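*Asks:* predicted structure and sequence below. I'll ask about it afterward.
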Amino acid sequence: MSYTEEVYERVVAQNPGEPEFHQAVKEVLDSLKVVIDKNEEKYRSVSLLERLVEPERIISFRVPWVDDNGVVQVNKGYRVQFNSAIGPYKGGLRFHPSVNQGILKFLGFEQTFKNSLTGLPIGGGKGGSNFDPKGKSDREVMAFCQSFMTELSKYIGADTDVPAGDIGVGGREIGYLFGQYKRIRGLYEGVLTGKGLTYGGSLIRTQATGYGVVYMLDEIMKAHKDSIAGKTFVVTGSGNVAIYAVEKAQQLGGKVVAMCDSNGFIHDPEGIKLDIVKDIKEVKRGRIKEYADRVEGATYTEGLGIWNIKCDVYLPCATQNELSLDGAKALVANGCKYVVEGANMPTTLDATSYLMENGVLFMPGKAANAGGVATSALEMSQNSMRLSWTAEEVDEKLHNIMIDIFHKADDAAKRYDMEDNYVAGANIAGFEKVVDAMMAQGIC
Ligand SMILES: NC(=O)C1=CN([C@@H]2O[C@H](COP(=O)(O)OP(=O)(O)OC[C@H]3O[C@@H](n4cnc5c(N)ncnc54)[C@H](O)[C@@H]3O)[C@@H](O)[C@H]2O)C=CC1
Ligand SMILES: O=C(O)CCC(=O)C(=O)O
């Protein structure tokens with residue numbers, strides 16, 4: 001059995017009930033096999049892979065808060081500090097009822113490679129809670145965030161661990177979390193990113209993940225002598241990543257015909273009117289079905305099946321494992337040519353293989369959605385320097401980082417004779433920097 005297979009079996013045995021973590025580790029270790037095989041003894045002798053798949057630290061805690069009826073509620077809170085070889089832990093907080101330790105471990109593991117690909121000095125971390133902000137009043141969300149930060153504040157700081165947003169954590173939540181950190185620690189520092197512009201946030205951070213996904217698509221297309229103008233898109237989700245992916249795709253001449261939320265999907269053959277989606281999702285915090293009530297010619301379908309809508313480009317921007325083998329088959333049958341992941345691990349392993357075997361150019365989330373965390377690192381730089389860059393400056397830096405990530409993944413794939421296999425390329429390129437730093441720092 002190879003070293004990578006051995007370590008994968010050990011991960012499955014030692015981390016029961018964490019299927020998403022197993023999946024993320026499998027994808028990475030399968031890609032790394034060609035690299036590890038060449039240096040097996042060197043890496044085995046220092047248990048490099050065993051250390052790479054084990055979080056440095058997991059903090060879990062109780063989050064008690066009082067709801068609007070005066071009833072005490074209790075949620076679970078976590079921070080997974082996965083790998084600090086190349087910088088302070090960095091990664092979002094997710095508030096969603098599905099959150100558990102295994103999901104946060106998969107996200108923290110992915111984040112380590114993603115952050116490495118950005119070229120910036122940030123290690124991998126992730127955290128969150130099984131709290132559901134949906135349907136809660138602003139006061140309830142504030143009470144929850146204050147209680148969550150009261151505990152989390154003991155373990156984070158501008159030079160140790162810098163959380164940000166993810167599913168269910170946007171500008172409102174970051175504001176409440178920042179206020180409580182400042183109050184408890186007495187420090188006005190860049191301990192969170194995604195902050196509001198009046199208290200240390202960076203221009204373009206809100207747009208960065210979605211814009212970055214489309215900048216990545218643009219590079220893939222250019223490398224294959226194609227372009228975004230005139231292409232039909234389906235973008236899943238209707239949250240932060242999805243909305244700004246749609247905005248950039250439309251700016252570059254793409255036509256987006258479908259979006260969704262966790263209840264169902266809308267289809268607008270004339271092209272999605274993004275201002276209406278923004279009003280429903282960003283202002284009213286409503287459901288995507290309201291779009292079909294407001295736009296003539298648009299339809300709403302309850303449940304799954306958005307992948308049956310014909311498109312050239314499919315951008316999954318909602319959540320893990322949303323695109324399964326059946327969806328991948330429908331995309332291929334309808335002539336889809338590009339799948340670029342805005343979400344983290346939205347495509348199952350069998351769906352990924354099917355897409356790649358059938359000629360779809362596929363870019364994994366850890367490369368394609370890295371623009372968000374990269375811009376968070378730019379926010380950290382601005383906070384440290386006590387200055388603010390213009391929107392144009394940040395956007396240009398973001399764009400260049402995405403171009404650079406494309407070339408890192410593309411070059412690594414070519415070096416190992418796997419041209420166009422961006423999954424392998426991204427994993428190898430992300431691994432190379434982390435492993436150099438881990439080897440240099442000794443057994444720790
Ligand atoms: N916000 C960021 O900067 C980054 C986010 N990501 C990833 O992008 C994805 C989306 O995150 P955000 O847009 O920030 O969150 P969000 O909370 O703003 O939006 C999430 C969207 O996904 C939809 N969704 C959730 N579960 C679903 C399901 N089971 N089926 C269909 N739709 C579902 C929700 O309805 C919502 O429209 C996540 O995988 C996240 O980890 C990745 C990099 C950075
Ligand atoms: O901006 C950040 O620090 C984290 C973004 C994030 O959670 C992600 O890249 O998945």
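*Replies:* The structure has been received and is ready for your questions. Ligands and ions are numbered 1, 2, ... in the order given.
*Asks:* give me the number of residues near residue 12?
*Replies:* Applying other CB atoms under 10 Å, we find 14 residues neighbouring residue 12. (Glycine included, C-beta is placed from N, CA and C.)
*Asks:* can you name every helix or strand that the one helix or strand it maps to contacts?
*Replies:* Using DSSP states H and E, residue 12 falls within helix 3-14. Helices and strands touching helix 3-14, by 3 or more CB pairs under 8 Å, 6 or more residues apart in numbering; DSSP states H and E, are helix 19-38, helix 40-44, helix 48-52.
*Asks:* out of these, which is closest to ligand 2?
*Replies:* Closest to ligand 2 of the helices and strands packed on helix 3-14 is helix 19-38 (CB to the nearest ligand atom; 12.2 Å).
*Asks:* same question for the closest one, mean pLDDT?
*Replies:* For helix 19-38, mean pLDDT is 97.
*Asks:* so which bits of it are buried?
*Replies:* Applying a neighbour-count criterion of 16 or more other CB atoms under 10 Å, one finds 20-32, 35-36 buried in helix 19-38.
*Asks:* and ligand 1, is it touching that?
*Replies:* No: judged by CB under 6 Å from any ligand atom, helix 19-38 stays clear of ligand 1, getting no closer than 11.2 Å.
*Asks:* which pLDDT value goes with whichever residue of the chain sits closest to ligand 1?
*Replies:* Using CB to the nearest ligand atom, the single residue of the chain nearest to ligand 1 is residue 239, 1.8 Å away. At residue 239, the model reports a pLDDT of 97.
*Asks:* state the distance from it to residue 109.
*Replies:* 22 Å (CB to CB, to the nearest Å).
*Asks:* okay, the two: which has more neighbours?
*Replies:* The neighbour comparison of residue 239 against residue 109 (other CB under 10 Å) goes to residue 109, with 28 against 24.
*Asks:* what sits closest to that one if chain neighbours are left out?
*Replies:* Distance criterion CB to CB, 6 or more residues apart in numbering; nearest residue to residue 109, sequence neighbours excluded, is residue 24 at 5.2 Å.
*Asks:* give the contact list for the closest residue to ligand 2 within the stretch 101-250 of the chain.
*Replies:* Across the stretch 101-250 of the chain, the shortest distance to ligand 2 (CB to the nearest ligand atom) belongs to residue 164, at 3.3 Å. With contacts defined as CB atoms under 8 Å, 6 or more residues apart in numbering, the neighbours of residue 164 are 90-93, 174, 192-194, 372-373, 376.
*Asks:* neighbour count, distance to ligand 2 and secondary structure added to those residues, as a markdown table?
*Replies:* Output for these, formatted as a markdown table (neighbours: other CB atoms under 10 Å; distance: CB to the nearest ligand atom, whole Å; DSSP: H, G, I helix; E, B strand; the rest coil):
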| residue | neighbour count | distance to ligand 2 | secondary structure |
| --- | --- | --- | --- |
| 90 | 28 | 5 | strand |
| 91 | 32 | 5 | strand |
| 92 | 25 | 3 | strand |
| 93 | 30 | 8 | strand |
| 174 | 24 | 10 | helix |
| 192 | 28 | 9 | coil |
| 193 | 26 | 5 | coil |
| 194 | 28 | 6 | coil |
| 372 | 29 | 5 | helix |
| 373 | 27 | 4 | helix |
| 376 | 30 | 3 | helix |
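*Asks:* so which of those are also by ligand 1?
*Replies:* Among these, proximity to ligand 1 is found for residue 372 (CB under 6 Å from any ligand atom).
*Asks:* would you turn the contacts of residue 164 into JSON lines with pLDDT?
*Replies:* Putting the contacts of residue 164 into JSON lines (pLDDT from 0 to 100) gives the following:
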{"residue": "90", "pLDDT": "98"}
{"residue": "91", "pLDDT": "98"}
{"residue": "92", "pLDDT": "98"}
{"residue": "93", "pLDDT": "98"}
{"residue": "174", "pLDDT": "98"}
{"residue": "192", "pLDDT": "98"}
{"residue": "193", "pLDDT": "98"}
{"residue": "194", "pLDDT": "98"}
{"residue": "372", "pLDDT": "98"}
{"residue": "373", "pLDDT": "98"}
{"residue": "376", "pLDDT": "98"}
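*Asks:* ok, of the contacts of residue 164, which one's closest to residue 437?
*Replies:* residue 90 (14.5 Å; CB to CB).
*Asks:* sorry, back to before: export the helices and strands packed on helix 3-14 to TSV and tack on distance to ligand 2?
*Replies:* Listed next are those as TSV, based on distance: least, CB to the nearest ligand atom, whole Å:
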stretch	distance to ligand 2
helix 19-38	12
helix 40-44	27
helix 48-52	19
